[in-house]
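*Asks:* Just the structure for this:
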Amino acid sequence: MGLGLRLPGEAFYTAQDENGYGTVMNTKARKVMIIGAGNVGASAAYALLNQNICEELILVDLNRDRSEGHALDLADAAAYMPGMMTISTREAHECADVDIAVITVSGGALKPGQTRLDELNNTARIVQKIVPEMMDGGFNGIFLIATNPCDIITWQVWTLSGLPRSQVIGTGVWLDTTRLRRALAQELDIGAQSIDAFILGEHGDTQFPVWSHSSVYGSPIADVYQRRTGKILDVEAMAEKVRKHGFEIYNRKGCTEYGIAGTIAEICRNVFTGSHRALAISCVLEGEYGVDGVAIGVPAVLTQSGVQQIIELQLADDELAKFRYSAEVIKANIAKLP
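*Replies:* Got it, this is the predicted structure:
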């Protein structure tokens, strides 16, 4: 999957401790460019800053005053951090030295009754302009798409960029997965980190939990739930609760920002650290799960090169049907791209 990417300007040196043991250290400043300094972009920048995930943050926005204002405000916050962080603004094409470019642009607010798919046309037109400019500017890092509809825009960025599919990923269903784990944790009075449950498919209405692979330390979620509560887990109600959670937030405050900001920070951290951790993110498929021609939420292993491998699960028959239906919905909307 396009392994072996060397991030721009990457350099290493070996330091020895008093016992002569060597430690390989990366001396390159990690740089994240956030394209779109609205609610999500600004919140993502703040999350990256507070978690000390990179050494340089670069903000890009059509409204230069807004991006510069956020940069100045973030610089004040950075003064309280233990290390040094550079925060600046640029144009999108000034990106040759950027490691991760996070796309958070938005085509406009949703109207009542609309879904994430209704954001496609306006957002796609913005992306259609930005990505070629960045490629002309020498970008060879990792694109992380956090704008809606996430899976379709991830596909669009991949086709426009010409980069290996390992270097173009979307936040996908990782936030939905986190919501599922948190909802189950509240019911079971167990830390969410102990719950192995996740969502697959579209970051949207056709997403679904993979109950056949959901457990607490190997014990099926449904069994743990029944022992803890004395009730049978209503899997459909839980799936619907998670599916609607983002819109519940949106209807109350007009946007979602902090959860997705945390998702962006989590993915960036796992890329920079080369964690080899598997997250449920949007990836371009080339035959995995019997599907191609689409970007969709699947478990994928992250390294400093991007996606190292996609994990193919043995899904139950009904889950595989749901996955393929979700893929068809995404494909139908990919066909609508300008």
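
*Asks:* ok, how many other residues are close to Ala335?
*Replies:* Using other Cβ atoms under 10 Å, Ala335 is surrounded by 9 other residues. For every residue, glycine as well, the C-beta is placed using N, CA and C.

*Asks:* so what's Val40 up against?
*Replies:* 104, 106, 146-147, 255-257, 260-261 (Cβ atoms under 8 Å, 6 or more residues apart in numbering).

*Asks:* What segments of the chain are helices?
*Replies:* 39-50, 64-78, 120-136, 150-161, 174-188, 221-229, 235-253, 258-272, 317-334 (DSSP state H).

*Asks:* Of those helices, flag the one that's most buried.
*Replies:* Ranked by mean neighbour count, the helices of the chain are led by helix 150-161 with a mean of 26 (mean count of other Cβ atoms under 10 Å).

*Asks:* In PDB, please show the C-alpha coordinates belonging to that helix.
*Replies:* The C-alpha coordinates for helix 150-161 follow below in PDB (Å, rounded to 0.1, in the frame of the first residue of the first chain):
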ATOM      1  CA  CYS A 150     -16.000  12.400   4.500                       C
ATOM      2  CA  ASP A 151     -15.700   9.200   2.500                       C
ATOM      3  CA  ILE A 152     -16.600  10.800  -0.800                       C
ATOM      4  CA  ILE A 153     -14.200  13.700  -0.300                       C
ATOM      5  CA  THR A 154     -11.500  11.300   0.700                       C
ATOM      6  CA  TRP A 155     -12.000   9.500  -2.700                       C
ATOM      7  CA  GLN A 156     -12.000  12.900  -4.500                       C
ATOM      8  CA  VAL A 157      -8.700  14.000  -2.800                       C
ATOM      9  CA  TRP A 158      -7.100  10.700  -3.700                       C
ATOM     10  CA  THR A 159      -8.000  10.900  -7.400                       C
ATOM     11  CA  LEU A 160      -7.100  14.600  -7.600                       C
ATOM     12  CA  SER A 161      -3.700  14.200  -5.800                       C
END
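
*Asks:* what does it contact?
*Replies:* The list of residues contacting helix 150-161 from outside it, by Cβ under 8 Å, 6+ apart, reads 103, 116-117, 120, 123-124, 127-128, 131-132, 134-135, 139, 143, 145, 147, 165, 167-172, 202-204, 282-284, 294-297, 330, 333-334, 337.

*Asks:* switch the cut-off to 7 Å
*Replies:* 103, 120, 123-124, 127-128, 131-132, 135, 143, 145, 147, 165, 168-172, 202-203, 282, 284, 294-297, 330, 333-334, 337 (Cβ atoms under 7 Å, 6 or more residues apart in numbering).

*Asks:* what's the answer for stretch 50-63, then?
*Replies:* Contacts with stretch 50-63, where a contact means Cβ under 7 Å, 6+ apart, come from 29-37, 45, 48-49, 67, 70-71, 74, 81, 83, 85-92, 98, 265, 268-269, 272.

*Asks:* Good, we can wrap up now.
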